[in-house]
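Chemist: please work out how this folds:
(one chain, ligands or ions: 2)
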Amino acid sequence: MNSVVIVSAGKGSRMKADINKQFLKIRGKEVIAHTIDKFYKNKNIGEIIIVIREDEEEFFQKNIINKYGYRNIKVALGGKERQDSVYNGLKQIDKKCKIVLIHDGARPFVTNEIIEKSIICAKEYNSAIVGVPVKDTIKIVNKNNEVCDTPNRSTLWSIQTPQVFDYSLIIKAHEKAKHDKYYGTDDSMLMEHLGHNVKVVEGSYNNIKITTPEDLKIAEEILREN
Ligand SMILES: Nc1ccn([C@@H]2O[C@H](COP(=O)(O)OP(=O)(O)OP(=O)(O)O)[C@@H](O)[C@H]2O)c(=O)n1
Ligand SMILES: C[C@](O)(CO)[C@H](O)COP(=O)(O)O
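Modeler: Ligands and ions are numbered 1, 2, ... in the order given. Just a heads-up that it's a prediction; the model follows:
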């Protein structure tokens with residue numbers, strides 16, 4: 001069985017809104033509901049776990065689960081860092097799970113095609129992450145704003161979610177990270193820390209993470225075009 005952990009227990013501080021960004025609306029529907037729909041309607045997904053902040057659990061139940069009538073969605077509580085929230089979600093997964101997808105609640109434009117090709121890749125390589133080649137030139141800059149280096153752009157990818165893994169391996173990777181007090185900014189860094197190869201699957205430039213107020217405007221446009 002394939003399970004998905006959708007992490008939605010962040011603070012959304014860069015959005016500077018009165019409510020958590022997951023509950024802001026794009027074209028009348030909450031960001032998190034757009035994201036859930038993508039997995040809820042996908043025939044390859046057997047189980048959905050949403051990770052929510054404890055102080056937002058009641059609001060989530062009433063305004064998302066009850067409002068849209070979602071069934072069989074498990075809820076886990078968030079942790080201090082994204083990585084802690086992912087681990088809490090992974091612990092709720094059914095024993096029958098072989099492949100787990102980890103996805104940001106704040107990335108509502110994931111597609112069926114991306115979900116399907118990342119699962120196929122994870123079945124072959126145990127570890128698959130979605131990304132797109134960078135379009136800009138990237139500079140490494142020091143604290144005085146001086147350029148230190150310009151990495152070769154043809155080797156640079158911007159990494160998104162879903163990130164998809166063999167379930168027992170990602171649990172092992174989290175346990176090693178916990179033991180070593182190692183924190184990564186994405187899930188695959190834990191697999192790299194475990195010494196495992198990670199394969200990249202080409203995603204979409206529309207699969208943005210809603211992070212700042214500008215992203216909400218871009219999101220409205222993406223939805224209008226699709
Ligand atoms: N402790 C945390 C931190 C983040 N996330 C989730 O991880 C995803 C990516 O994180 P990000 O966009 O950085 O969200 P926030 O941490 O909420 O944003 P900010 O850094 O602006 O506060 C989001 O769906 C967020 O809800 C989480 O579940 N638990
Ligand atoms: C996992 C991620 O979405 C990949 O781009 C990203 O690293 C999350 O980072 P954030 O610091 O929580 O925004």
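
Chemist: residue 159: how many residues sit nearby?
Modeler: 17 (other C-beta atoms under 10 Å). (C-beta placed from N, C-alpha, C; glycine too.)

Chemist: just residue 190 next, same as before
Modeler: Applying other C-beta under 10 Å, we find 29 residues neighbouring residue 190.

Chemist: I'd like to know how far the closest residue to it other than its chain neighbours sits from residue 58.
Modeler: In this structure, residue 190 finds its nearest non-sequential neighbour in residue 173, 4.0 Å apart by C-beta to C-beta, 6 or more residues apart in numbering. According to C-beta to C-beta, to the nearest Å, residue 173 and residue 58 sit 33 Å apart.

Chemist: so the two - more neighbours on which side?
Modeler: More crowded of residue 173 and residue 58, by other C-beta under 10 Å: residue 173, with 25 against 10.

Chemist: the more buried one: which element?
Modeler: Using DSSP states H and E, residue 173 sits in helix 167-180.

Chemist: helices or strands up against that helix?
Modeler: helix 82-90, strand 99-104, helix 188-194 (3 or more C-beta pairs under 8 Å, 6 or more residues apart in numbering; DSSP states H and E).

Chemist: and the second one, average pLDDT?
Modeler: Right, strand 99-104. Per-residue pLDDT values over strand 99-104 give a mean of 98.

Chemist: what packs against the helix or strand following it?
Modeler: Per DSSP H and E, strand 99-104 leads on to helix 112-125 as the next helix or strand towards the C-terminus. If you count contacts as 3+ C-beta pairs under 8 Å, 6+ apart, helix 112-125 packs onto helix 31-40, strand 99-104, strand 127-133, strand 157-166, strand 199-202.

Chemist: let me see the contact set for the closest residue to ligand 1 within the chain.
Modeler: With C-beta to the nearest ligand atom, the shortest gap between the chain and ligand 1 falls at residue 10, namely 2.1 Å. Contact partners of residue 10, counting by C-beta atoms under 8 Å, 6 or more residues apart in numbering, are 20, 21, 22, 78, 82, 85, 106.

Chemist: most neighbours among these, please name it.
Modeler: Neighbour counts for those, by other C-beta under 10 Å, peak at residue 22, which reaches 28 neighbours.

Chemist: give me the pLDDT for that residue.
Modeler: As predicted, residue 22 sits at a pLDDT of 96.

Chemist: likewise for residue 78?
Modeler: According to the prediction, residue 78 has pLDDT 98.

Chemist: now the helix or strand of the chain with the lowest mean pLDDT against helix 31-40, angle please.
Modeler: Lowest mean confidence among the helices and strands of the chain (mean pLDDT, DSSP states H and E): helix 213-225, at a mean of 94. Interaxial angle, helix 213-225 versus helix 31-40 (axes from the mean of the first three to the mean of the last three C-alpha atoms, to 10 degrees): 50 degrees.

Chemist: contacts for helix 213-225?
Modeler: 15-17, 24, 26-27, 31, 108-109, 206, 208-210.

Chemist: what subset of these is buried?
Modeler: For these, a burial check counting by 16 or more other C-beta atoms under 10 Å picks out 15, 24, 26, 31, 108, 109, 206, 208, 210.

Chemist: need the contact list for the residue lying closest to the fifth one once chain neighbours are set aside.
Modeler: Which is residue 108. Closest residue to residue 108 apart from its sequence neighbours, by C-beta to C-beta, 6+ apart: residue 34 at 3.5 Å. The contact partners of residue 34, by C-beta under 8 Å, 6+ apart, come to 26, 108, 109.
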